[in-house]
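here is a sequence together with a model predicted from it:
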Amino acid sequence: MSVLTAIKLYINKMIDNCGKGMKVFLLGKETLPLVSITYAQSDLLKKEVYLFERIDNNTRESMRHMRCVVFLRPTQENIQLLCQELKTPRYGSYHIFFSNIVLKADVYALANADEHECVKEIQEFYADYLPLLDHAYHLNLPRISASVSTAWDRSCLKRSADALISVLLAMRKYPVMRYSAKSDMANNLVNTTLDIMKEHSHLFEFRRSDTPLLLILDRRDDPITPLLNQWTYQAMVHELLTIENNRVDLSEVPGISRDMREVIMSPEQDSFFKDSLNSDFGEIGIKIKDLVDKFQKQQHSTAAIESITDMKKFVDNYPQFKKFSGTVSKHVAIVGELSRIVQDHNLLEVSETEQQMTTQASHSEVQAKIMNLLRNPKVREIEILRLVLLYCICYEGQSGYNPRHLIDAMRNRGISETKCKLATSIMNYGGRAVRGGQLFGEETKIAMTKKYFKGLQGVENIYTQHKPYLVDLLQQLQQGRLKESDYPWHGGSPQRVNEIIVFIIGGMTYEEIKSVQQWNVSNPGNKVLLGSTGVINCKSFLEMVSNS
């Protein structure tokens with residue numbers, strides 16, 4: 001179950017179907033980032049794709065000598081734009097591919113618009129999602145709720161169901177389903193997905209092997225994971241700098257050069273990044289040093305050009321050398337900025353306190369640490385918000401629980417009333433009365449204390465001892481212990497499954513993506529595919545909580 005491989009195969013098939021000759025890729029606002037994430041432009045140039053255009057760009061030149069590969073979501077807006085394109089074609093021929101199920105009425109509309117008979121084929125290639133890694137994808141939906149925080153925005157509900165249908169058809173899977181019982185949004189998504197499957201049942205008449213489980217979760221079931229600081233490379237970059245469609249904005253970094261203001265962080269196009277995604281911060285420092293040493297040796301060898309043969313060898317290797325130079329500069333700049341933020345804002349001390357709260361360590365000790373950090377001017381506002389909101393979630397209902405004095409301390413520090421109200425908003429969003437499942441399990445105090453001290457066995461574990469609630473759910477599923485009252489079956493009967501497709505409403509984190517990758521390595525007979533409405537960090541999560 002590799003979503004990234006599926007997308008690559010689809011794109012290769014589109015280009016191959018078009019035949020030999022110069023090609024233009026005509027894309028929509030949704031499919032353009034999908035293609036750019038999956039393939040480097042240089043790789044597509046090798047396949048004779050020389051131009052990339054948006055279908056909503058009305059200033060495109062007419063190039064009748066070029067073949068056009070059209071790849072769009074089958075939305076009404078795109079159908080109308082494509083009809084206009086076919087009535088006055090700019091290219092010699094059109095090979096049309098939709099990323100999901102297209103309505104017959106829309107096909108008829110395109111046929112009527114094709115007065116010049118330029119259309120060579122129309123196909124459905126099920127690639128209606130943004131791949132991150134082989135086992136993870138998302139939809140990049142910034143906001144999914146309507147004015148009522150627990151209800152879907154209708155367009156986002158349809159978009160999420162369409163993505164699930166696309167994944168199921170691409171993977172050729174017909175699942176049984178379970179969902180978070182306390183989440184109306186999860187229930188609505190299951191019902192909407194099932195309705196589409198019934199309407200297009202002929203598409204699911206492929207040979208079925210093992211029946212997978214589609215598990216629909218709600219971010220509200222685990223509000224802790226997105227509040228935590230991260231200490232593995234990819235997660236840390238997204239948490240402190242933000243990754244948007246494999247791009248990182250470094251324009252605000254002090255002293256950054258002009259050509260480094262925006263960099264690409266793609267595992268598919270950067271082997272160092274791919275090998276270092278889940279390396280912790282200490283390991284990254286060592287890897288960066290090794291990378292710089294390797295570059296310096298290569299740079300020294302290129303300086304020794306003493307013959308025509310040496311010159312030819314240098315010219316042949318120059319593109320790889322230049323790419324290597326850019327890779328070194330990029331990662332040195334990013335790790336340097338991460339180090340500056342960690343040091344300037346006491347993130348190690350903040351993170352240690354966060355981790356203590358996730359194991360529900362001594363209440364009085366944690367309160368004292370938070371108050372000390374609140375008084376420290378080096379600690380940023382967002383870190384203060386993390387700490388106070390984590391306190392509210394982790395110690396709710398315990399003896400001595402009193403977030404009011406922490407909120408008063410926030411006001412005294414000058415934090416706005418809107419931000420202070422997040423302490424109430426987080427409880428309305430993911431407090432004990434709202435969330436489903438057992439976020440803290442049913443552990444005794446002794447068990448939690450053992451877990452805490454086990455995490456302290458080695459300095460590198462202090463900051464990464466937390467495990468997302470998703471891992472606990474997967475373990476319960478594997479052992480057949482996941483309570484039906486918390487996660488009921490829908491459209492199927494209780495059974496053991498070997499493949500699990502998880503979809504999180506409200507966003508997933510890179511910590512959860514890493515955890516699923518580790519799960520798949522450790523459990524080769526129990527593969528998990530993870531999807532979500534988006535990839536969030538603390539900043540975007542707080543915006544979502546505030547809007548709720």
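Cool, got the structure.

next, residue 122: secondary structure please.
Classification of residue 122 using DSSP: H, G, I helix; E, B strand; the rest coil returns strand.

next, count neighbours for it.
17 (other Cβ atoms under 10 Å). The way it works is simple: take the backbone N, C-alpha and C, and place the C-beta from them, glycine included.

show me where pLDDT drops low in this protein?
By pLDDT under 70, the weakly predicted segments of the chain are 146-149, 299-321, 441-461, 491-494.

the longest strand in it is where?
Scanning the chain for the strand with the most residues, using DSSP state E, yields strand 63-72.

other SSEs contacting that strand?
Helices and strands touching strand 63-72, by 3 or more Cβ pairs under 8 Å, 6 or more residues apart in numbering; DSSP states H and E, are helix 3-18, strand 23-27, helix 31-38, strand 49-54, helix 76-87, strand 91-98.

angle of that strand against helix 76-87?
160 degrees (axes from the mean of the first three to the mean of the last three Cα atoms, to 10 degrees).

for strand 63-72, C-alpha coordinates in PDB please.
Taking Å, rounded to 0.1, in the frame of the first residue of the first chain, the C-alpha atoms of strand 63-72 are listed here in PDB:
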ATOM      1  CA  MET A  63       1.200  25.900 -29.400                       C
ATOM      2  CA  ARG A  64      -0.500  23.600 -31.800                       C
ATOM      3  CA  HIS A  65       2.600  21.600 -32.300                       C
ATOM      4  CA  MET A  66       2.500  20.300 -28.700                       C
ATOM      5  CA  ARG A  67       0.600  17.500 -27.200                       C
ATOM      6  CA  CYS A  68      -1.300  18.300 -24.000                       C
ATOM      7  CA  VAL A  69      -1.600  16.000 -21.000                       C
ATOM      8  CA  VAL A  70      -4.500  17.300 -18.900                       C
ATOM      9  CA  PHE A  71      -4.700  16.300 -15.300                       C
ATOM     10  CA  LEU A  72      -7.500  17.800 -13.200                       C
END
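
need the residues that contact that strand.
Contact partners of strand 63-72, identified using Cβ atoms under 8 Å, 6 or more residues apart in numbering, comprise 11, 14-15, 18-19, 21-28, 30-31, 35, 49-51, 55, 78, 82, 89-99, 125.

now do the helices in the stretch 301-450 of the chain.
Using DSSP state H, counting those that start in this stretch, the helices found in the stretch 301-450 of the chain span residues 308-344, 347-358, 363-375, 381-394, 404-413, 417-420, 422-430, 445-455.

could you dump those helices to TSV with distance to residue 138?
Below are the helices of the stretch 301-450 of the chain laid out as TSV (distance: least, Cβ to Cβ, whole Å):
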stretch	distance to residue 138
helix 308-344	22
helix 347-358	24
helix 363-375	32
helix 381-394	22
helix 404-413	32
helix 417-420	27
helix 422-430	20
helix 445-455	29
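
which one of those helices lies nearest to residue 511?
helix 347-358 (11.6 Å; Cβ to Cβ).

go through that closest one and flag the buried ones.
347, 349-351, 353-358 (16 or more other Cβ atoms under 10 Å).

could you dump stretch 498-511 to CSV, C-alpha only?
In CSV, the C-alpha atoms belonging to stretch 498-511 read as follows (Å, rounded to 0.1, in the frame of the first residue of the first chain):
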residue,chain,number,x,y,z
ASN,A,498,-3.9,-7.2,8.3
GLU,A,499,-4.1,-3.9,6.6
ILE,A,500,-5.3,-0.6,8.2
ILE,A,501,-6.1,2.6,6.5
VAL,A,502,-6.3,5.4,9.1
PHE,A,503,-7.8,8.8,8.3
ILE,A,504,-7.6,11.6,10.9
ILE,A,505,-10.1,14.4,10.7
GLY,A,506,-8.5,17.7,11.8
GLY,A,507,-4.9,17.1,10.8
MET,A,508,-2.0,14.7,11.6
THR,A,509,1.5,15.4,12.8
TYR,A,510,4.9,14.3,11.6
GLU,A,511,5.3,12.5,14.9
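
cool, thanks, talk later.
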